[in-house]
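K.L.:
following is a predicted model, sequence given first.
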Amino acid sequence: MYNKIHPDMRQSRFHVQGADIYVSAHTHQKAYAQEQIRSFGGESKEVTHISVGSYKGGDEYSQREGYPEQTKDQQGGFLTRLFNRGGKKHVEVDPDIVEGHKDQYSKTEFTRAGTPKKLW
């Protein structure tokens, strides 16, 4: 029950139910998870939980307080792509914003004017 996305899970279970994406940032613990939630009547829905990491690797305060240095993988946010697949909402999460953007950009076809033909 207690993990890096615990605040998001708690929010989805006990406070604001029914959202597609839950995001938290205060814990500086980078993680994400996706799960299928079933409701009455047999319907299922994909729910995404995101906890963004710190934007600093460390500073005087974190050293003084005894927090370990954050690695690049533990820092920053996530790139999220939102889709509608066959009438169902879907969220694709990439843990590296820059690399995820480069990857998506490399897959995009462009018109002669330089605008994307279609996004994702």
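P.N.:
Good, I have the coordinates.

K.L.:
centre-most residue in this protein?
P.N.:
Ile50 (4.1 Å; C-alpha atoms, centre = their mean).

K.L.:
doesn't it fall inside a helix?
P.N.:
No. Using DSSP: H, G, I helix; E, B strand; the rest coil, the assignment for Ile50 is strand, not a helix.

K.L.:
tell me the contacts of the nearest residue to Ala25 once chain neighbours are set aside?
P.N.:
Spatial nearest neighbour of Ala25, excluding adjacent residues (C-beta to C-beta, 6 or more residues apart in numbering): Val52 at 4.7 Å. C-beta: built from backbone N, CA, C; applies to glycine. For Val52, the contacting residues are Val23, Ser24, Ala25, Lys30, Gly76, Gly77, Phe78, by C-beta atoms under 8 Å, 6 or more residues apart in numbering.

K.L.:
identify the bridge partners of Val91.
P.N.:
Taking DSSP bridges as the rule, Val91 bridges to Leu82.
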